[in-house]
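1. heads up, no residue letters with this:
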């Protein structure tokens, strides 16, 4: 009996020791402290966006946000000695709510946030810590508008400096404004990009990225053309187009009649394609193994099968099942591709079903277009005369677009007439953009479009095989040939009349 009582007492001591070591078992006072703290957090007016997902005496998970696209989730684990020891914090940055975006905040920023929270909590030992940590994270979400798209912002900064090394990108996290100063040679374009709270979605009539050019030394004609296409690129991306398709469909030059964009033959490996190829490889390997089971022969007798009839029958059944499953998966993928093609066709035609179109990220395509356009203008040569499209001095370029208002009478001096003629000649050097995106000098384009042979393909950097098109000139070769014949006829008549007198 004494031995039995001793054994029972020993078991009770072991149970008490286990309960003491188990952090999930808390004293009533500690449990009450945690519950009261969580109630205070729920009622806090400084946390209007707080959404509590899990709340126990050992774990607390909640989300704070500024908008639906800028959410911060955080996990708090209560240690055994809480509140004498700090909460264990794990911050989770949710990605943008868009199929095009799978980008989380960089790990270094996450680590910095967690360290900042840990420093704040270290000053609150012995006191409620949950409310202090959540208020800090709520303030961070309110004051940092770039953190949901931090990766894209970083890519945009790197891309701008790669294209134009002298460019500067200034970020204002609190206001969500990016100041872009693009510089190449003597030409400069300053613009601001305001990131909307609903990025990458529409917000009423506001685009996800609102572009405004503050100053530039380009002539207004070129500045308006670049700005109009840049805004259109953002709009098309918000409607669901990829960056390449948005760039093609945003062309400010009106397309010729009957023009149809032919997609490139270049194969783009998406995540779905790579996953499908990986699955096909495993399926083919499995089918080959089953065929080997069905076709294997004995080494000493090539007419006798190595495996039993049941094993071979089962292998053939498995091959049939795998084949049927792959056919079903291929049909589903083909249907998905067809639906995507129909959706892209609607987008290209200008019709968008906003309920089903998935917006794409537009900040990086916008910055890439602005920097590439400026660099291309400064570096491009005219395909006809092989001279630089832009003159070296921006002031001289602006003068090329100024309309001459001088009226020289018969009594004007030869110097004045020569200067006026030189001005008109220089105006022929102003850049003109054609439909394919290449730039020509006006006088070079006029010769190309009005003199035979007509219908020449563009000789610029686009490497296109279609004739050069500009809305100021007709597309019909017959009209151009007739105009050229009439011009020559008039010149002959004038020459004949001059010979008579």
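-> The structure has been received and is ready for your questions. This structure is a prediction, so every number in the text was calculated from the model and none was measured. Numbering: from 1, shown residues only.

2. quick one, phi/psi of residue 428?
-> Main-chain torsions, residue 428, degrees, to the nearest 10: phi -70, psi -10.

3. where's the closest residue to it other than its chain neighbours, which helix or strand?
-> Nearest non-adjacent residue to residue 428, counting by Cβ to Cβ, 6 or more residues apart in numbering: residue 443, 3.2 Å away. (Glycine included, C-beta is placed from N, CA and C.) Here residue 443 is covered by helix 442-450, with elements defined by DSSP states H and E.

4. got the buried residues for the very next helix or strand once past that helix?
-> The helix or strand immediately downstream of helix 442-450 is helix 477-500, counting by DSSP H and E. With burial defined by 16 or more other Cβ atoms under 10 Å, the residues of helix 477-500 counted as buried are residue 480.

5. the strands in the stretch 101-250 of the chain, which residues?
-> Listed in chain order, the strands of the stretch 101-250 of the chain (DSSP state E, counting those that start in this stretch) span residues 168-172, 177-184, 187-195, 209-216.

6. Now render those as JSON lines, adding distance to residue 119.
-> As requested, those are exported to JSON lines (distance: least, Cβ to Cβ, whole Å):
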{"stretch": "strand 168-172", "distance to residue 119": "24"}
{"stretch": "strand 177-184", "distance to residue 119": "29"}
{"stretch": "strand 187-195", "distance to residue 119": "29"}
{"stretch": "strand 209-216", "distance to residue 119": "35"}
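
7. Quick one: closest of those to residue 254.
-> For the strands of the stretch 101-250 of the chain, proximity to residue 254 was assessed by Cβ to Cβ; strand 209-216 is nearest, at 22.3 Å.

8. Mind listing the strands that closest one pairs with, and their directions?
-> Strand 209-216 pairs in its sheet with strand 187-195 (antiparallel), by DSSP bridges.

9. So which bits of the partner strand are buried?
-> Neighbour-count burial for strand 187-195 flags 187-195 (criterion: 16+ other Cβ under 10 Å).

10. which residues touch the helix or strand hosting residue 396?
-> Element membership for residue 396, per DSSP H and E: helix 394-400. Outside helix 394-400, the residues that touch it by Cβ atoms under 8 Å, 6 or more residues apart in numbering are 186-187, 217-219, 390-391, 426-427, 429-430.

11. ok, which pair from the residues you listed is furthest apart?
-> 186 and 427 (20.4 Å).

12. distance of the residue nearest to the spatial centre of the chain from residue 310?
-> Note on the chain: the residue nearest the mean C-alpha position is residue 361, at 3.5 Å, using Cα atoms, centre = their mean. As judged by Cβ to Cβ, to the nearest Å, residue 361 and residue 310 stand 56 Å apart.

13. Also residue 398?
-> Per Cβ to Cβ, residue 398 is found 88 Å from residue 310.

14. picking up where we left off before, please pick the buried ones from the contacts of helix 394-400.
-> For the contacts of helix 394-400, a burial check counting by 16+ other Cβ under 10 Å picks out 187, 218-219, 390-391, 427, 429-430.

15. wait, which of those residues is closest to residue 67?
-> residue 218 (35.4 Å).

16. In terms of pLDDT, where does that closest one sit?
-> With respect to pLDDT, residue 218 scores 91.

17. who's in contact with it?
-> 187, 189, 226, 377, 394, 397.

18. ok, now with 10 Å
-> Residue 218 makes contact with 187-189, 224-226, 374, 377, 390, 394, 397-398, 431, according to Cβ atoms under 10 Å, 6 or more residues apart in numbering.

19. For the strand or helix carrying residue 378, which residues meet the burial criterion?
-> Assigned by DSSP H and E, residue 378 belongs to helix 363-379. Going by neighbour count (16+ other Cβ under 10 Å), the buried part of helix 363-379 is 363-371, 373-378.

20. related to what we said a few turns ago, so which of residue 398 and residue 310 has more stuff around it?
-> Shown here are residue 398 and residue 310; by other Cβ atoms under 10 Å, residue 398 has more neighbours (17 against 8).

21. And that one, how close does it get to residue 433?
-> 17 Å.

22. For residue 77, give the beta-bridge partners.
-> residue 59, residue 88.

23. and the gap between it and residue 116?
-> Separation of residue 77 from residue 116 (Cβ to Cβ) stands at 18 Å.

24. again with residue 234
-> 34 Å.

25. So between these two, which is more surrounded?
-> residue 234 (23 against 15).

26. Could I get the pLDDT score of the more buried one?
-> pLDDT, residue 234: 91.

27. That one is in contact with residue 246, isn't it?
-> Yes. Shown here, residue 234 and residue 246 form a contact pair, counting by Cβ atoms under 10 Å, at 8.1 Å.

28. Mutual contacts of the two, please.
-> Between them, residue 234 and residue 246 share the contacting residues 362, 365-366, 369, judged by Cβ under 10 Å, 6+ apart.

29. how about TSV for those residues, with pLDDT and distance to residue 44 added?
-> Output for these, formatted as TSV (pLDDT from 0 to 100; distance: Cβ to Cβ, whole Å):
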residue	pLDDT	distance to residue 44
362	89	36
365	92	41
366	93	39
369	93	45
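
30. Which single one of these is nearest to residue 40?
-> Of all the shared contacts of residue 234 and residue 246, the one with the least separation from residue 40 (Cβ to Cβ) is residue 362, at 41.6 Å.

31. who's in contact with the closest one?
-> When contacts are counted by Cβ under 10 Å, 6+ apart, residue 362 touches 100, 152, 193, 195, 199-200, 207-209, 233-239, 241, 243, 246.

32. Okay, it and residue 427: tell me how far apart.
-> 37 Å.

33. pLDDT weak spots in the stretch 351-500 of the chain?
-> Judged by pLDDT under 70, the stretch 351-500 of the chain has its weakly predicted residues at 351-357, 403-425, 461-466.
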